[in-house]
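Chemist: With the input below, show me the fold.
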Amino acid sequence: MSETAVGKIISVSELNIQVLINDEKIKYRDILYINSKGRRIEFEVVEEDGNVISAIPFQNVVGLKKGLDVYKAEHGLEIQYNDEILGKVFDSYGKLLDDSQIEEVHKRNVYNRNLTLEEINLNGGILWTGIKVLDFFAPMQKGFKMGLLGGAGVGKTVLIKELIHNVYTGLNSNSVFVGVGERSREGKELYDEMLSANLLDKMSVVFGQMGENSATRSKAIFSGLTLAEYLRDEKNQDVLLFVDNIYRYVQAMSEINAELSRIPIENGYPANIETAISDVEERINSTPNGSITSFQAIYIPADDVTDQAVLTIQAHLDGQIVLDRKVAEKGLYPAVDVFSTTSKLIDIDKIGERHYRLVEEVLRYYSRYRELEEIIAVLGIDELSVADTNVFYRTRKLRNYFTQPMFVAENYTGIKGELVHIDDILDDVENIISGAYDGIDESNFLYIGKFNAEEYISR
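Modeler: Okay, the predicted model is just below:
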């Protein structure tokens, strides 16, 4: 049976196809398409104005012209929704980018899932990662949204890989990585690194690369959310969702809105920026049977933390992990800036008085250590009081202690990776601060898991 056209193209631009439709009922987010010289070009409805609709094209618009017949696709934007998502790399529209095959096609619309208030579980348990510096300074509750800030070369990818490994080891749960408007080279590097670390079959990847149009960059996040929701809702898992970079999603939405001649607000952002971000963030939550915990890399334009998009994103976050180049230059990995790293879980009622007081005390030690470094540079360490001398050396032990051998870096470091339980972390930190380990050299705390005091007592 031949297809019936629902309208004709009346205007073409790179990001806006205008179609004069017939009496067919066309609604927001329907997929329309044309067939041109054996090529199917698809576009998604974003605006309706009487019998004229505006749609954003998924591919480049070469071959489109006024007067071409337009047809309606049977389904909206969909992606695979079964166990076959693991070990696969998809583009923003659910098509495979690697050489793998889907044996049993079972798809789901990428916009369909919105949790009701009854489904959301605000009291999900703590997601312990086994990484000392994260579990101590920025513990995460299942369903949290965490910002991940850090430039190139500070260990962001290694930390992501370690989190994927540890969550799979501890909870037998899988992860989803979404590349939103990042470089294709970085996507290939991530793919190769995950493959060599035997982590690729434990995760699913969606990649909308920088060179693609705004539609591709804006849709990648929704496809990735749908994959994560399958693991949470159908497999009852506690899923890790990595988004790199959430700011690029806002950027893509700004470009689309500009093409639709919608009046922007400050810095060219769309007036509906809050709605656009909420469409993503509100789908990241815990349910009684599973959770999605997200790590979202955030680009800071011109290093302006007061940028409207950055502030809007941060309003949805439950904390942030900041990787600092100055820490990395000291050879301390994970290179976490403990002063900028935060979590809403650092609350005496949520993590207990002991953990809370220890975080306060360690940050006090770190702050005093900064001051003492300046004093020592001028006067020398011999001029310090006994109390300040203790703070100085104990802080250096703490700083070394919060490094950690990574499972995914064993081939490079030759040090076996370790998971460390939070109770062991608290014991070790307490002993360092109290002076119990004052007689032990600080080098013995570097790149270890739990500190084995018995080894030094027996000497």
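Chemist: Hmm, F295 and F242 touching each other?
Modeler: Yes. Because the distance of 5.0 Å satisfies C-beta atoms under 8 Å, F242 is recorded as touching F295. (Each C-beta comes from the backbone N, C-alpha and C, glycine too.)
Chemist: shared neighbours of those two, which are they?
Modeler: 148, 160 (C-beta atoms under 8 Å, 6 or more residues apart in numbering).
Chemist: now for the particular helix or strand that has R368 in it, which elements pack on it?
Modeler: Per DSSP states H and E, R368 falls inside helix 353-379. Here helix 353-379 touches helix 132-137, helix 386-401, helix 422-434, going by 3 or more C-beta pairs under 8 Å, 6 or more residues apart in numbering; DSSP states H and E.
Chemist: Let's see that with 10 Å instead.
Modeler: With contacts defined as 3 or more C-beta pairs under 10 Å, 6 or more residues apart in numbering; DSSP states H and E, helix 353-379 has these neighbours: helix 132-137, helix 348-351, helix 386-401, helix 422-434.
Chemist: will you turn these into JSON lines that also has distance to A220 and mean neighbour count?
Modeler: Putting these into JSON lines (distance: least, C-beta to C-beta, whole Å; neighbours: other C-beta atoms under 10 Å) gives the following:
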{"stretch": "helix 132-137", "distance to A220": "26", "mean neighbour count": "24"}
{"stretch": "helix 348-351", "distance to A220": "33", "mean neighbour count": "14"}
{"stretch": "helix 386-401", "distance to A220": "38", "mean neighbour count": "18"}
{"stretch": "helix 422-434", "distance to A220": "34", "mean neighbour count": "18"}
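Chemist: Quick one: those as CSV, columns for distance to I56 and mean pLDDT too.
Modeler: Below are those laid out as CSV (distance: least, C-beta to C-beta, whole Å; pLDDT from 0 to 100):
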stretch, distance to I56, mean pLDDT
helix 132-137, 38, 96
helix 348-351, 43, 92
helix 386-401, 49, 93
helix 422-434, 46, 95
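Chemist: Tabulate those in JSON lines, adding columns for distance to I53.
Modeler: Shown next, in JSON lines, are the helices and strands packed on helix 353-379 (distance: least, C-beta to C-beta, whole Å):
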{"stretch": "helix 132-137", "distance to I53": "47"}
{"stretch": "helix 348-351", "distance to I53": "49"}
{"stretch": "helix 386-401", "distance to I53": "59"}
{"stretch": "helix 422-434", "distance to I53": "54"}
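Chemist: Tell me where the stretch 1-150 of the chain has strands.
Modeler: 7-12, 17-21, 31-36, 39-49, 52-57, 69-72, 78-80, 89-90, 107-109, 126-127, 140-141, 145-149 (DSSP state E, counting those that start in this stretch).
Chemist: can those go into a markdown table with extra columns for mean pLDDT and mean neighbour count?
Modeler: Output for these, formatted as a markdown table (pLDDT from 0 to 100; neighbours: other C-beta atoms under 10 Å):
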| stretch | mean pLDDT | mean neighbour count |
| --- | --- | --- |
| strand 7-12 | 92 | 17 |
| strand 17-21 | 93 | 20 |
| strand 31-36 | 89 | 18 |
| strand 39-49 | 89 | 16 |
| strand 52-57 | 92 | 22 |
| strand 69-72 | 92 | 18 |
| strand 78-80 | 93 | 23 |
| strand 89-90 | 92 | 23 |
| strand 107-109 | 93 | 16 |
| strand 126-127 | 90 | 20 |
| strand 140-141 | 92 | 24 |
| strand 145-149 | 89 | 22 |
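Chemist: mind checking which of those is nearest L171?
Modeler: Closest approach to L171 among the strands of the stretch 1-150 of the chain (C-beta to C-beta): strand 126-127, 8.1 Å.
Chemist: contacting residues around the closest one?
Modeler: 134-135, 139-144, 163, 166-167, 170-171, 173, 238, 240, 286, 291, 293, 345, 350-351, 422 (C-beta atoms under 10 Å, 6 or more residues apart in numbering).
Chemist: Can you tell me, leaving aside adjacent residues, what's nearest to P405?
Modeler: In this structure, P405 finds its nearest non-sequential neighbour in I415, 4.0 Å apart by C-beta to C-beta, 6 or more residues apart in numbering.
Chemist: Isn't the one you found up against V408?
Modeler: No. Using C-beta atoms under 10 Å, I415 makes no contact with V408, being 11.9 Å away.
Chemist: Which one's more surrounded, the two?
Modeler: The neighbour count for I415 versus V408, taken as other C-beta atoms under 10 Å, is higher for V408 (23 against 14).
Chemist: what mean pLDDT would you report for the helix holding R368?
Modeler: For helix 353-379, the mean per-residue pLDDT is 91.
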